[in-house]
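In: I would like the atomic coordinates for the input below:
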Amino acid sequence: MNGEAIADAARLRHQMGAGAGVGYALAYGSHAHDTAGTASDLDLLFVGDQTLTAPALHALVTAVKSLHHRHGLAADEEVCYKSKLYATGPDVSAATALGGFDASEQGQLTATPVVVEPWWLNSRPFRLRLILNALTTPHVFLGGDLPAYRRHTQDAETAVALLALALVGRSRFGLADAVAVLLDGPDGATGEDWLGYRPGPHLASLLHRGMAALAEHGIVRFPDGTHLEQDPELRRRAVVQLRRRANAAGAKSGF
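Out: Sure, this is the predicted structure:
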């Protein structure tokens with residue numbers, strides 16, 4: 001982890017918070033995983049309550065590029081900075097309502113592998129996947145609105161647990177099965193080509209918390225301490241309700 005670059009990003013968050021209404025920011029990706037090379041880019045997500053004006057977004061992109069240059073980091077623009085750097089509250093609501101994935105009117109979710117083409121990598125569904133991934137993979141909180149951050153991470157954990165339930169499909173399964181469907185796609189896609197998760201205790205712990213939250217609503221239960229059982233109908237209803245709330249939040253905010 002490049003501690004100096006992380007500290008510089010935290011200072012940038014503070015400056016943006018004072019001038020442009022940024023609520024909080026995260027550093028995620030290889031630097032948060034401690035797998036970064038000497039020139040690996042620093043993945044950042046800034047979250048605020050309002051859409052940035054074009055000049056404000058341009059200033060943020062310029063500042064992040066300058067940060068990379070100062071610290072000798074490669075700037076990865078395969079996903080353009082204007083698409084991945086900043087999210088509003090309604091954007092987070094859409095991401096934690098699993099808006100990056102297809103859902104039927106009945107709430108049945110479908111996940112597809114990442115398409116490594118500009119039209120897909122800069123699409124809204126992939127942008128929402130990135131937001132969800134930033135909140136649910138190892139990351140560094142760079143300061144700001146702590147209550148909003150905690151609320152968003154809890155919503156994101158519940159969303160990922162719902163996604164795992166949909167991908168598992170079976171009524172009875174083990175936690176290892178839920179982990180496996182997030183790590184490996186049906187056609188062999190893994191890692192960044194699938195859902196962006198890595199094996200390890202972080203993912204298992206996140207799923208435990210997400211499943212526990214779903215258990216409070218009867219969507220899943222733990223019959224013997226080893227297995228889990230889901231109610232597919234309640235799961236699908238939960239997805240439909242999440243989508244409705246996210247749409248209402250976006251309409252209310254004008255997004």
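In: what segments of the stretch 51-200 of the chain are strands?
Out: Assigned by DSSP state E, counting those that start in this stretch, the stretch 51-200 of the chain shows strands spanning 86-88, 102-103, 109-110, 140-144, 172-174.
In: and the second one, how far from the chain's centre?
Out: Right, strand 102-103. Distance of strand 102-103 from its chain centroid, counting by C-alpha atoms, centre = their mean, to the nearest Å, is 17 Å.
In: again, but for the fourth one
Out: Relative to the mean C-alpha coordinate of its chain, strand 140-144 is positioned 15 Å out (C-alpha atoms, centre = their mean).
In: just the CA atoms of it, as PDB, please.
Out: C-alpha atoms of strand 140-144 as PDB (Å, rounded to 0.1, in the frame of the first residue of the first chain):
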ATOM      1  CA  VAL A 140      -9.600   2.300   3.100                       C
ATOM      2  CA  PHE A 141     -12.100   4.900   4.400                       C
ATOM      3  CA  LEU A 142     -10.600   8.300   3.600                       C
ATOM      4  CA  GLY A 143     -12.800  10.300   6.000                       C
ATOM      5  CA  GLY A 144     -16.000  12.200   5.800                       C
END
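In: quick check: buried residues in it?
Out: By neighbour count on 16 or more other C-beta atoms under 10 Å, the buried set for strand 140-144 is 140, 142-144. For every residue, glycine as well, the C-beta is placed using N, CA and C.
In: okay, now the sheet partners of it, with direction.
Out: strand 22-28 (antiparallel) (DSSP bridges).
In: any residues touching the strand it pairs with, and which ones?
Out: Contact with strand 22-28 is made by 6, 9-10, 12-13, 16-17, 42-49, 86, 89, 133-135, 137-146, 148-149, as judged by C-beta atoms under 8 Å, 6 or more residues apart in numbering.
In: need the contact list for Glu105.
Out: Contacts of Glu105 by C-beta under 8 Å, 6+ apart are Val240.
In: for it, grab phi and psi.
Out: Note on Glu105: its backbone torsions stand at phi -60, psi -20 [degrees, to the nearest 10].
In: mind checking how far it is from Arg243?
Out: As for Glu105, its distance to Arg243 is 10 Å (criterion: C-beta to C-beta, to the nearest Å).
In: for the residue nearest in space to the middle of the chain, which non-adjacent residue is closest in space?
Out: Central residue of the chain (C-alpha atoms, centre = their mean): Leu132, 1.4 Å from the mean position. Closest residue in space to Leu132, ignoring its immediate chain neighbours: Ala95 at 4.5 Å, by C-beta to C-beta, 6 or more residues apart in numbering.
In: ok, now Val115?
Out: Take Val115 and drop its neighbours on the chain: the residue closest to it by C-beta to C-beta, 6+ apart is Leu121, 7.7 Å away.
In: how much space separates the one you found from Gly29?
Out: Leu121 is 15 Å from Gly29, by C-beta to C-beta.
In: same question for Asp231.
Out: Distance from Asp231 to Gly29, by C-beta to C-beta: 35 Å.
In: which of these two has more neighbours?
Out: Between Asp231 and Gly29, Gly29 has the larger neighbour count (other C-beta atoms under 10 Å), namely 24 against 17.
In: verify the contact between that one and Ala9 for me.
Out: No: Gly29 sits out of contact with Ala9 when judged by C-beta atoms under 8 Å, with a separation of 11.9 Å.
In: find residues that contact each of those two.
Out: Common contacts of Gly29 and Ala9 (C-beta under 8 Å, 6+ apart): Leu42.
In: the helices in the stretch 51-200 of the chain, which residues?
Out: For the stretch 51-200 of the chain, applying DSSP state H, counting those that start in this stretch gives helices covering 54-70, 81-84, 89-96, 118-121, 124-136, 146-168, 175-183.
In: deepest in the core, which of those helices is it.
Out: Of all the helices of the stretch 51-200 of the chain, helix 89-96 carries the top mean neighbour count, a mean of 24, counting by mean count of other C-beta atoms under 10 Å.
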